[in-house]
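A.B. asks: Just a sequence and a predicted model for now, questions to come.
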Amino acid sequence: MHSKEQISHDDYQKTADWLTSHTKHRPKVAIICGSGLGMLADSLKCQDAFAYSDIPGFPQSTVQGHAGRLVFGELKGKTCVCMQGRFHMYEGHSLCKTTFPVRVFKLLGVETLIVTNAAGSLADGFHPGDIMIIKDHVNFPGLVGLNPLSGPNDDKFGPRFPAMSDCYDKGLRCLAMDIAKQQGVAGFMQEGVYAMVGGPNFETIAEARLLHRLGVDAVGMSTAPEVVVAAHCGLRVFGLSLITNKVVKSYEDSESVNHEGVLEVGRLRSQAVQQLVTELISRMEINNNIVKNAD
Ligand SMILES: O=P(O)(O)O[C@@H]1C[C@H](O)[C@@H](CO)O1
C-alpha cells in the first residue's frame, strides 16, 4: 500500500488557517491519543472541539476507541490541541494522510508533540498496565520504504534526509520519569523501544519471537510515521506506550489478544496516564520561538 498521493504545503496551510479562524487557542503542545486513551482530551479547560468530519482536509477515524475529534484547550495554563483518535495505515489511509495533522500542528505554531499508544509487550519484565516511555522506535514499514516522507521533499518543513537518532527528547524522558516517581507510579513505569508493524492483525508467535530477539520492548500499529514527520519539521517529541497485553510468544500459551481487552486496560490506566501527561506539560519549557533550535 505505497501511496503516491502528495499533499501540498497549501493543503496543510488551508487546514491550519481554517482552524485558526475557528478557535482563539494558539497551542504550543499537541497530544495524539492512542487506543482507549482519548480521555486525555477531557481534562482540557475552555474547550473548542471539532469533529474531524468538519475540518477541511482531515481524514476520518474508523477505529473503535478513536472518537475522531480535535480538541483545543488549556491544561495547567498551557494551550494544547489534542487528537481524540488517530489515523492508522491499516485503515487504508496513505501515510501522508495518517500524519497530516502533525504538519498542520507545526503550521499552528506547535513546538512539542506528545504521542501515546496502546502496545503489546515483548520485554520479559513488562506487564499489562505498565506505562513505557518511548526511548526509540523501529519503524518496520519505514524500513521497507513505506515512509510519509517518500516523494518530493518539502524543504519548507525540513531536510531531505532528516536524522532520527534523537527523535524522542531526552530531557522530556528524564522529566517524565522524575514526575512518575513523585506521583508514586514509578513501580509501573518502564522505558524502552517501540516497534511499529502494519497491522491490523496481531502478531503470530514466530513474529513475536523475531521482534523479541531484535530487542523490541513493545509493539503497536502506529506512532512511528507521526514521529518521523514531527522530527522532520523540528518538533520536540515525547512518547508513551500503555502496555495493554503481553504478546504471545509461546505455542503453549492459550491466551490471545483482542481490541476490547486493549481498550479495557486503557480505561484502567487512564487516570495515571492523564496525571503524568498533565504534569509533564505543566513543567515543560515552552519556547516562544516557533522554530526549534533557532539559535
Ligand atoms: O492507536 P494505537 O496505536 O494506540 O492503537 C493500537 C494499535 C491498534 O490500532 C489497536 C489494537 O488494539 O490499538
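C.D. replies: Received the coordinates, thanks.
A.B. asks: How about the residues of the stretch 151-295 of the chain by the ligand?
C.D. replies: 199, 220-222, 259, 262 (C-beta under 6 Å from any ligand atom). Every C-beta, even on glycine, is put in place using the N, C-alpha and C of the backbone.
A.B. asks: ok, 8 Å please
C.D. replies: Of all the residues in the stretch 151-295 of the chain, those in contact range of the ligand (C-beta under 8 Å from any ligand atom) are 199-200, 202, 220-223, 242, 244, 257-259, 262-263.
A.B. asks: Give me the subset of these that lies in helices.
C.D. replies: In helices, defined here by DSSP state H, the members of these are 259, 262-263.
A.B. asks: quick one: the helices in the stretch 1-150 of the chain?
C.D. replies: Secondary structure of the stretch 1-150 of the chain (DSSP state H, counting those that start in this stretch): helices at 9-22, 95-98, 100-108, 140-143.
A.B. asks: Please see if the second one touches the ligand.
C.D. replies: Looking back up the chat, that one is helix 95-98. No - contact between helix 95-98 and the ligand, assessed by C-beta under 8 Å from any ligand atom, is absent, since the two come no nearer than 10.6 Å.
A.B. asks: got the CA positions of that helix in PDB?
C.D. replies: In PDB, the C-alpha atoms belonging to helix 95-98 read as follows (Å, rounded to 0.1, in the frame of the first residue of the first chain):
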ATOM      1  CA  LEU A  95       1.000   7.700   5.200                       C
ATOM      2  CA  CYS A  96       0.700  11.300   4.200                       C
ATOM      3  CA  LYS A  97      -2.900  11.300   5.400                       C
ATOM      4  CA  THR A  98      -2.000   9.400   8.500                       C
END
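A.B. asks: could you say what helices and strands it packs with?
C.D. replies: With contacts defined as 3 or more C-beta pairs under 8 Å, 6 or more residues apart in numbering; DSSP states H and E, helix 95-98 has these neighbours: helix 224-232.
A.B. asks: Show residues contacting the helix it packs on.
C.D. replies: When contacts are taken as C-beta atoms under 8 Å, 6 or more residues apart in numbering, the neighbours of helix 224-232 outside the stretch itself are 32, 86, 89, 95, 98-99, 102-103, 106, 113, 115, 137-139, 141-142, 147-149, 157-159, 162-164, 167-168, 194, 196, 237, 239.
A.B. asks: circling back to that earlier point, adding pLDDT and neighbour count, write the residues of the stretch 151-295 of the chain next to the ligand out as TSV.
C.D. replies: Compiled in TSV, those are given as follows (pLDDT from 0 to 100; neighbours: other C-beta atoms under 10 Å):
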residue	pLDDT	neighbour count
G199	96	16
P200	97	12
F202	97	19
G220	98	25
M221	98	24
S222	98	26
T223	98	26
L242	96	27
T244	96	28
V257	90	16
N258	90	10
H259	91	16
V262	90	23
L263	91	18
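A.B. asks: Pick out the most distant pair among the residues you listed.
C.D. replies: Taking C-beta to C-beta as the measure, these reach their widest spread between T223 and N258, a distance of 20.4 Å.
A.B. asks: among the helices of the stretch 1-150 of the chain, which is the most enclosed?
C.D. replies: When you average the neighbours per residue for each of the helices of the stretch 1-150 of the chain (mean count of other C-beta atoms under 10 Å), helix 100-108 leads with a mean of 25.
A.B. asks: what helices or strands is that one leaning on?
C.D. replies: Counting contacts by 3+ C-beta pairs under 8 Å, 6+ apart, helix 100-108 packs against helix 9-22, strand 29-32, strand 78-84, helix 224-232.
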